[in-house]
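**Student:** Next comes the sequence, and after it the predicted model I'd like to discuss.
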Amino acid sequence: MKKLILSTAALALSASFAMAQDVVRMGTEGAYPPWNFINDSGEVDGFERELGDELCKRAELTCEWVTNEWDSIIPNLVSGNYDVIIAGMSITAERDEVIDFTQNYTPPDPSSYLALSEDVDLTGGVIAAQAGTLQAGYVAESGATLIEFATPEEAIAAVRNGEADAVLADKSFLVPVAEEDADLMIVGPDVALGDGIGMGLRESDTELRETFDAAIQSMKDDGTLNEMIKKWEVASTF
């Protein structure tokens with residue numbers, strides 16, 4: 001009960017913020033299912049769309065969605081093209097030097113390798129990853145040869161065409177791919193990276209961060225967040 005009271009009080013911060021800013025622009029990639037993707041109607045969909053809409057509702061904020069390519073998603077936040085990143089972004093010390101983060105809204109999602117056979121060399125072979133991700137950084141330090149791509153789909157295509165031995169990405173993203181393609185399989189051990197997934201904000205937007213922090217906490221406290229995580233199968237629950 002104490003947590004719920006504290007969360008309710010913190011959510012009240014949103015009233016003054018909403019008066020200062022009419023619309024909060026939510027930036028996402030729109031290309032990383034089930035976290036975020038563009039549906040057949042051309043709209044942002046997925047776990048983070050449902051989560052973001054619920055957070056904005058609880059914080060009494062009017063929000064709109066903006067898509068941006070992954071490799072420039074942080075610079076475009078800093079330059080003001082949108083106000084929040086909600087795009088499966090892991091909280092890291094390196095990113096935290098440039099932007100600020102809310103508390104995590106999922107625990108760390110295991111990363112996995114996807115390949116065409118089980119006997120690939122994961123430590124000395126050629127491994128594909130999306131540029132600017134934790135997985136790319138991990139591969140670069142692992143001894144394997146890293147090749148980076150702008151999108152996760154391109155990284156998977158590199159495995160299919162023999163350009164790479166395997167791809168490393170979030171397990172929740174790769175498992176459906178393996179289930180739909182009989183030639184691809186999850187191989188090797190899972191890799192634990194990062195401190196969970198959070199919303200990224202400009203360091204100057206302290207009040208907005210506190211508002212979303214309170215909304216995230218309220219969803220943790222009443223169990224709604226865990227239900228949403230289970231529905232979309234994006235990570236383990238809290």
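**Tutor:** That came in fine, so what should we check first?

**Student:** contacts, neighbours, all on C-alpha from now
**Tutor:** OK.

**Student:** Please point out which parts of the longest strand seen in the chain sit buried.
**Tutor:** Of all segments of type strand in the chain, defined using DSSP state E, the longest is strand 185-191. Of the residues in strand 185-191, those buried by neighbour count under the rule 16 or more other C-alpha atoms under 10 Å are Met185, Ile186, Val187, Val191.

**Student:** cool, and stretch 56-65?
**Tutor:** Using 16+ other C-alpha under 10 Å as the test for burial, stretch 56-65 gives Cys56, Arg58, Ala59, Glu60, Leu61, Cys63, Trp65.

**Student:** Mind putting the residues you listed into JSON lines with distance to Ile86, secondary structure and pLDDT?
**Tutor:** JSON lines is the format used below for the buried residues of stretch 56-65 (distance: C-alpha to C-alpha, whole Å; DSSP: H, G, I helix; E, B strand; the rest coil; pLDDT from 0 to 100):
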{"residue": "Cys56", "distance to Ile86": "12", "secondary structure": "helix", "pLDDT": "98"}
{"residue": "Arg58", "distance to Ile86": "16", "secondary structure": "helix", "pLDDT": "98"}
{"residue": "Ala59", "distance to Ile86": "16", "secondary structure": "coil", "pLDDT": "97"}
{"residue": "Glu60", "distance to Ile86": "18", "secondary structure": "coil", "pLDDT": "96"}
{"residue": "Leu61", "distance to Ile86": "15", "secondary structure": "coil", "pLDDT": "97"}
{"residue": "Cys63", "distance to Ile86": "12", "secondary structure": "strand", "pLDDT": "98"}
{"residue": "Trp65", "distance to Ile86": "10", "secondary structure": "strand", "pLDDT": "98"}
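
**Student:** re the thing from before, just give me the closest of the buried residues of strand 185-191 to Ile74.
**Tutor:** Val191 (24.4 Å; C-alpha to C-alpha).

**Student:** partners of the closest one in the sheet?
**Tutor:** The partner list for Val191 in beta bridges (DSSP bridges) reads Ser111.

**Student:** That one and Pro110 touch, don't they?
**Tutor:** Yes - using C-alpha atoms under 8 Å, Val191 and Pro110 qualify as a contacting pair, with a distance of 5.7 Å.

**Student:** And the residue most central in space within the chain, which helix or strand is it part of?
**Tutor:** Nearest to the geometric centre of the chain sits Gly88, at 0.3 Å (C-alpha atoms, centre = their mean). Per DSSP states H and E: Gly88 is located in neither a helix nor a strand.

**Student:** any idea how far the closest residue to Arg160 other than its chain neighbours is from Ala131?
**Tutor:** Of all residues beyond its chain neighbours, the one nearest Arg160 is Leu116 (7.3 Å), with distances taken as C-alpha to C-alpha, 6 or more residues apart in numbering. Using C-alpha to C-alpha, to the nearest Å, we find Leu116 at a distance of 21 Å from Ala131.

**Student:** Apart from its neighbours in sequence, what residue is nearest Trp232?
**Tutor:** If the residues on either side of it in the chain are set aside, Trp232 comes closest to Phe47, at 5.9 Å by C-alpha to C-alpha, 6+ apart.

**Student:** residue contacts, the one you found?
**Tutor:** Under the criterion of C-alpha atoms under 8 Å, 6 or more residues apart in numbering, the neighbours of Phe47 are Pro34, Trp35, Asn36, Met228, Ile229, Trp232, Val234.
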